[in-house]
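> Predicted model, plus sequence, below.
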Amino acid sequence: MRNALGLMLASVVAAVVIAGVWFWTSSPRADAAAPQTVAARAADPLPAQAAKPAKDDVDVTAALSKRAEAAPAPAPAPAPVAAAPKAACANPDALGVSRTVVVDTTGGPGFGFLQYKQFDFLTDKEVLLTFDDGPWPTTPAVLKALADECTKAVFFPIGLHTTYHPDILRQVAAAGHTIGAHTWSHAHLASKKLSEQQAKDEIEKGFSAVKMALGSNPAPFFRFPALAHTPATQAYLGTRNIAMFSVDVDSNDFKSSSAEQVIQNVMTKLDKQGKGIILMHDLQKHTAQALPTLLRRLKAGGYKVVAMRAKTTLETLPEYDAMMVKNEKVPTASSRPVGSVVQTVSD
């Protein structure tokens, strides 16, 4: 009996001890910190940045030799142009595209045998269609001619022109063509009046202007105005991994007196050479007029169009992007319909 009472008393004591331990470990301690959520955490302090003086005016090109560490916040860019969905060609006898090539622009390769004899990528009867100096009001007619023949081209727009007609350049992109650049103002980069820094500015501003119009990075493709380069400008493009384009067949459309002369210039040279990169200008009226017939002549002559695109896009430099936003008065499309602004009151 005495042993049984002792066992019962020991059991009660053990239960009290266990309950006390449980209560101690499960109750919140006065000195324990409450768990923090992400929202409750204070933001980590950002490292202090030294204030930088404001940039000089855009025309003072020497001030652009170093990257801006504190570029002004850019204005909202236009929405990137969506790639056009690949649709079946409505023209059963279209010139079309025979093949598409992708270019690795590392080191700045050159194309076009007039100046760069590095890469002979076209086979017999193959052509690459290229257009300089747009965008311009004549460009949509060029786009229509290309679309009617379900074919593609490479465009080298002038940066300043993209600020006049950004909507037209977006039409070029929406049609699936490749877009590079052709300097900011069509400056002659081999001119002795132009410093190396000014030549660099012309190149970079041109690409940044194209990016601003498109809302996305352009292709790292570049053509020198008047095909005029220097060892320094070629070397610079190499450091930026930008491909350089010359020409095999020059249409001379800028000095042609008619559409017929443009066609004759191209076909005469092409039939002699058998293939090549064709240089035209989409801001030339005679080129826009000649293109439908010229494309049919290419088809009839057994020529095939090669489409070209880049392996990667070009990362434009932030200081030039910021400069375009800050200093260039880029026109914006109006949300108002034409009829609400201009109305006919009498016929």
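Nice, thanks for sending it over. Residues are numbered from 1 along each chain as shown.
> only C-alpha atoms for contact and neighbour calcs from this point on.
OK.
> so which strand or helix has the residue lying closest to Ile263 once chain neighbours are set aside?
Spatial nearest neighbour of Ile263, chain neighbours left out: Leu294 (5.7 Å); criterion: CA to CA, 6 or more residues apart in numbering. Using DSSP states H and E, Leu294 maps to helix 285-300.
> show me where pLDDT drops low in the chain?
The chain contains residues with pLDDT under 70 at 1-87, 327-341, 343-344, 346-347.
> quick one: the strands in it?
Using DSSP state E, the strands found in the chain span residues 99-103, 110-111, 126-132, 154-156, 178-179, 221-222, 243-245, 249-250, 276-281, 304-310.
> List the pairing partners of the fifth one within its sheet, with orientation.
Translated: strand 178-179. strand 154-156 (parallel) (DSSP bridges).
> The second one now?
Within its sheet, and counting by DSSP bridges, strand 110-111 is paired with strand 243-245 (parallel).
> how about the helices of the protein, start to end?
Ranges of helices in the chain, per DSSP state H, are 2-26, 139-148, 159-164, 166-174, 196-214, 231-239, 259-273, 285-300, 318-327, 338-341.
> Compare the ones you listed and give me the one nearest Val247.
helix 259-273 (11.7 Å; CA to CA).
> could you check the angle strand 126-132 makes with the closest one?
140 degrees (axes from the mean of the first three to the mean of the last three CA atoms, to 10 degrees).
> helices or strands up against helix 259-273?
Judged by 3 or more CA pairs under 8 Å, 6 or more residues apart in numbering; DSSP states H and E, the packing partners of helix 259-273 are strand 249-250, helix 285-300.
> need the ones you listed in CSV with mean neighbour count and distance to Ala187, can you?
CSV is the format used below for those (neighbours: other CA atoms under 10 Å; distance: least, CA to CA, whole Å):
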stretch, mean neighbour count, distance to Ala187
strand 249-250, 22, 20
helix 285-300, 19, 22
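> thinking again about what came up before, could you check the angle helix 259-273 makes with the helix holding Leu294?
Using the same axes, to 10 degrees: helix 285-300 against helix 259-273 is 40 degrees.
> ok, residues contacting helix 285-300?
94-95, 138-139, 141-142, 145-146, 149, 253, 256-260, 262-263, 267, 280-282, 304 (CA atoms under 8 Å, 6 or more residues apart in numbering).
> Show me which of those are buried.
If you count burial by 16 or more other CA atoms under 10 Å, the buried members of the contacts of helix 285-300 come out as 94-95, 138-139, 141-142, 145-146, 149, 253, 256, 259-260, 262-263, 267, 280-282, 304.
> Can you point out the buried residues in stretch 91-106?
Of the residues in stretch 91-106, those buried (16+ other CA under 10 Å) are Ala94, Leu95, Gly96, Val97, Asp104, Thr105, Thr106.
> Return the closest of those with respect to Val154.
Using CA to CA, the buried residues of stretch 91-106 come closest to Val154 at Val97, 12.8 Å.
> what's the angle between the helix holding Leu294 and helix 139-148?
Going by the same axes, to 10 degrees, helix 285-300 makes 10 degrees with helix 139-148.
> what is the orientation angle of helix 285-300 with strand 304-310?
Going by the same axes, to 10 degrees, helix 285-300 makes 120 degrees with strand 304-310.
> Could you export helix 285-300 as CSV, CA atoms only?
Output in CSV follows, covering the C-alpha atoms of helix 285-300 (Å, rounded to 0.1, in the frame of the first residue of the first chain):
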residue,chain,number,x,y,z
LYS,A,285,11.0,59.3,-105.7
HIS,A,286,12.4,57.5,-108.7
THR,A,287,13.4,54.5,-106.6
ALA,A,288,9.9,54.1,-105.2
GLN,A,289,8.5,54.3,-108.7
ALA,A,290,11.0,51.9,-110.1
LEU,A,291,10.8,49.2,-107.5
PRO,A,292,7.7,47.2,-108.6
THR,A,293,9.2,46.8,-112.1
LEU,A,294,12.7,46.2,-110.8
LEU,A,295,11.6,43.4,-108.5
ARG,A,296,9.7,41.7,-111.4
ARG,A,297,12.9,42.1,-113.6
LEU,A,298,14.9,40.4,-110.8
LYS,A,299,12.4,37.5,-110.8
ALA,A,300,12.4,37.2,-114.5
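> Fine by me, thanks again.
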